[in-house]
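Novice: quick one: sequence plus predicted model below, questions after.
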Amino acid sequence: MNKKLSPGRRAYTAGMKALMYASTAAIGALVLLLIGYVLYRGIPNITWKFLTMAPSILNDTIGIWPDILNSIYVVIATIIIVLPLGVCAAVYLSEYASNKRLVSIIEYAAETLSGIPSIIYGLVGMLFFCEFLKMQTTLMAGALTLVIMNLPTVMRTTQESLKTVPQSYREGAFGLGAGKWRVIRTVVLPGCVDGVITGCILSVGRILGESAALLFTAGIAHVVNGFFMGLKSSGATLTVALYIYAKERGEFGVAFAIAAILMLLTLIINLSAEAVARSFKNKRRI
Amino acid sequence: MKQNKKHTAKPIEAIVHGVFLVAGLITVGCVLLITVYLIISGLPAIKEIGLIPFLFGKVWASTAKTTEPSFGILPFILTSVYGTCGAIVLGVPVGFMASVYIAKLAPKKLKAVMQSAVSLLAGIPSVVYGLVGMLVLVPGIRKLFNVPDGASLLAAIVVLAIMILPSIIKVSVTALEAVPKEYEDASLALGATEVETHFKVSVPAARSGIAAAVVLGVGRAIGEAMAVMMVSGNAANMPGLFESVRFLTTAVASEMSYSGGLQRQALFSIALVLFVFIMLINAALNFFLKRDKEA
């Protein structure tokens, strides 16, 4: 068939194909180079001491233990708050809401939220949580800011999986005399676990990678604290620490070590999100 | 919420309904909160400086001591616009070509690998992009173009172009995959080659989705702060390719920590301007997505 093509068409086909191959190859190479470079520069700087010590000005050593703890605290606090809110909102939209206008308003709001850049979240979080609610610059204020940011993600993934719960399950439960709340509790919610887990994983990824929104709300301190004390005090997460060490202190070795850790975490998060999606897809098929 | 009555009593149903309704309305509340806060805190400085001098003033000298401080944000607006356009010009063709390949031509295994690679690209924290840009791109530009400092608009454009790739590819691939198979079969049956079919039938059929992808990329580029802050040099110059520049986002981020008085209020006004840009972009995005659904 190809032999009959005019030279112009053959050139078009070949040219477009070459451009497609080149673009795809470039993106693949870019991803590999980025990962390789960051790991290559970062991993030699990761030592046990580096991971488990607080920075000390006296000994002139840098450790990222407090930053690791802060990241974990922010993740836990944010997820604990955002999961129930996001899941309830999604359940409302797909199970309760009968007013079409209200649904479209809520969905429009969620879309708007997911388009707002993190620097604006940081600013409003600072004004509202830190100043208006007098929480000062604390991890809790940062976590609450991130709750608003991640609400649309959890809502969307939960909603997607609610759509896959067969209508007949609900009808069956109603037919047996269950009330609405019982149907939701026993039939609908267990059916959307995969969406909740996916939303959770995606949110963890976003929280770990967030920096602009946390810079003004959670601060930049490197102090080791317990969970509740930590939430009440200011602290830098890994990403914020990376920014401070690279931009303000010129400690590129430290910055690359943190970058390598973040890169590994991103890899793990992406792989687990894919694994969850796959395993639930297989379960559905059976 | 943990009521365990054996028979469903009416009040519980009402309470639960109420709880879910409140959770649903929280997103609306958050949007209102953000909008109201930005307007309330952004307007005073604009009122004091004047809308025209604020938006079109060419000099930003917020901390000037000897002379009157000046608050003109035209350099930031133009930098953001140029930076975003540059990122689109660089990123969209590459992303578009790769999406057509991933959606239509790639073998199944390669497709899965590329899709994970793209999600990974989306998941990498912006500070990591900033760090690599700072230590690879900035010195590279300095050597390649023989300029005194590589931290420039060009460096920011390259970083942004890479950062918007995942948004562009994900949305375009989804749109291209949704094109009905019949369209393509018809085109192939008429004697068009595979590549011709994809570019002359599938792509036009998915054009709303692809437009949405580009708009999404614009939104990402204009809102990015940390990565840009690390590579753009951060001086309030009028934009030039090799000039050290400041974006709307980085203007807010870089002075916030030590600002006070009118300077601080002016920073909120910059955020308000950025917010207006984002809202316009969101409206455009919704327009394209809606048209995509109807089509």
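Specialist: Perfect, thanks for sending it. Residues are numbered from 1 along each chain as shown, chains lettered A, B, ... in the order given.
Novice: any idea of the pLDDT on B:Lys65?
Specialist: B:Lys65 is assigned 68 on the pLDDT scale.
Novice: try B:Leu74
Specialist: Looking at B:Leu74, its pLDDT reads 87.
Novice: cool, and B:Lys2?
Specialist: Predicted confidence (pLDDT) for B:Lys2: 48.
Novice: now A:Trp181
Specialist: The per-residue pLDDT reported for A:Trp181 equals 86.
Novice: that one contacts B:Ile12, correct?
Specialist: Yes - counting by Cβ atoms under 8 Å, A:Trp181 does reach B:Ile12; the two are 6.2 Å apart. C-betas here are computed from N, CA, C, even on glycine.
Novice: of the two, which one has the most company?
Specialist: Neighbours were counted for A:Trp181 and for B:Ile12 using other Cβ atoms under 10 Å in any protein chain shown; A:Trp181 has more, 22 against 18.
Novice: okay, which residue is most central for chain A?
Specialist: A:Arg206 (2.4 Å; Cα atoms, centre = their mean).
Novice: okay, and that residue sits in which element?
Specialist: Applying DSSP states H and E as the criterion places A:Arg206 in helix A:193-209.
Novice: what's the pLDDT at the residue in the stretch 151-295 of chain B that chain A sits nearest to?
Specialist: Among the residues of the stretch 151-295 of chain B, B:Gly223 lies nearest to chain A; the distance is 2.5 Å by Cβ to the nearest Cβ. Here the pLDDT value assigned to B:Gly223 is 89.
Novice: now swap in the one 3 residues further on and tell me
Specialist: For B:Met226, the model assigns a pLDDT of 88.
Novice: and it, how far from B:Gly95?
Specialist: Using Cβ to Cβ, to the nearest Å, one gets 22 Å for the distance from B:Met226 to B:Gly95.
Novice: so in chain A, which helix runs the longest?
Specialist: Determined from DSSP state H, the single longest helix within chain A is helix A:7-42.
Novice: circling back to that earlier point, which residue packs closest to the residue nearest to the centre of chain A, ignoring adjacent ones?
Specialist: Spatially, and ignoring its direct neighbours in sequence, A:Arg206 is nearest to A:Asn150 (6.0 Å; Cβ to Cβ, 6 or more residues apart in numbering or on different chains).
Novice: okay, now that neighbour: neighbour count?
Specialist: Here the number of neighbours of A:Asn150 (other Cβ under 10 Å) works out to 28.
Novice: who are the contact partners of it?
Specialist: Listed by Cβ atoms under 8 Å, 6 or more residues apart in numbering or on different chains, the contact set of A:Asn150 reads A:78, A:82, A:86, A:203, A:206-207.
Novice: tell me which residues in the helix or strand harbouring it are buried?
Specialist: Here A:Asn150, judged by DSSP H and E, is contained in helix A:139-163. Under the neighbour-count criterion of 16 or more other Cβ atoms under 10 Å in any protein chain shown, helix A:139-163 has A:139-162 buried.
Novice: try stretch B:247-262
Specialist: For stretch B:247-262, using 16+ other Cβ under 10 Å, the buried residues are B:247-256, B:259, B:262.
Novice: okay, the angle between the helix holding A:Asn150 and helix A:193-209?
Specialist: Interaxial angle, helix A:139-163 versus helix A:193-209 (axes from the mean of the first three to the mean of the last three Cα atoms, to 10 degrees): 150 degrees.
Novice: sheet partners, orientation included, of the lowest-mean-pLDDT helix or strand in chain B?
Specialist: None of the helices or strands of chain B scores lower by mean pLDDT, DSSP states H and E than strand B:60-61, at a mean of 78. Here the strand partners of strand B:60-61, with direction, are listed using DSSP bridges: strand B:70-71 (antiparallel).
Novice: now do the very next helix or strand once past the strand it pairs with: distance to the chain's middle.
Specialist: Per DSSP H and E, the first helix or strand lying C-terminal to strand B:70-71 is helix B:74-100. Taking Cα atoms, centre = their mean, to the nearest Å, one finds the center of helix B:74-100 at 10 Å from the center of the full chain.
Novice: stretch A:271-281 too?
Specialist: In terms of Cα atoms, centre = their mean, the centre of stretch A:271-281 is found 16 Å from the chain centre.
Novice: show me which residues of the stretch 151-286 of chain A are close to chain B?
Specialist: The stretch 151-286 of chain A comes close to chain B at residues A:151-152, A:155, A:178-182, A:184, A:205, A:208-212, A:215-216, A:239, A:242-243, A:246-247, A:252, A:255-256, A:259, A:262-263, A:266-267, A:269-271, A:273-274, as judged by Cβ under 8 Å from any Cβ of the partner chain.
Novice: out of these, which end up buried?
Specialist: Using 16+ other Cβ under 10 Å as the burial test, those include A:151-152, A:155, A:178-182, A:184, A:205, A:208-212, A:215-216, A:239, A:242-243, A:246-247, A:252, A:255-256, A:259, A:262-263, A:266-267, A:269-270, A:273-274 as buried.
Novice: give the buried residues for the helix or strand hosting B:Thr35.
Specialist: In this assignment (DSSP H and E), B:Thr35 forms part of helix B:10-49. When burial is assessed from 16+ other Cβ under 10 Å, helix B:10-49 yields the following buried residues: B:12, B:16, B:19-21, B:23-28, B:30-31, B:34-35, B:37-38, B:41-42, B:45-46, B:49.
Novice: where in the stretch 1-150 of chain B is pLDDT low?
Specialist: Along the stretch 1-150 of chain B, segments meeting pLDDT under 70 span B:1-9, B:64-66.
Novice: nearest residue to B:Ala213 other than its sequence neighbours?
Specialist: Closest to B:Ala213 by Cβ to Cβ, 6+ apart is B:Val171, at 3.6 Å.
Novice: what about the host helix or strand of B:Ala161, distance to the chain center?
Specialist: Applying DSSP H and E as the criterion places B:Ala161 in helix B:153-177. The chain centre lies 9 Å from the centre of helix B:153-177; the measure is Cα atoms, centre = their mean.
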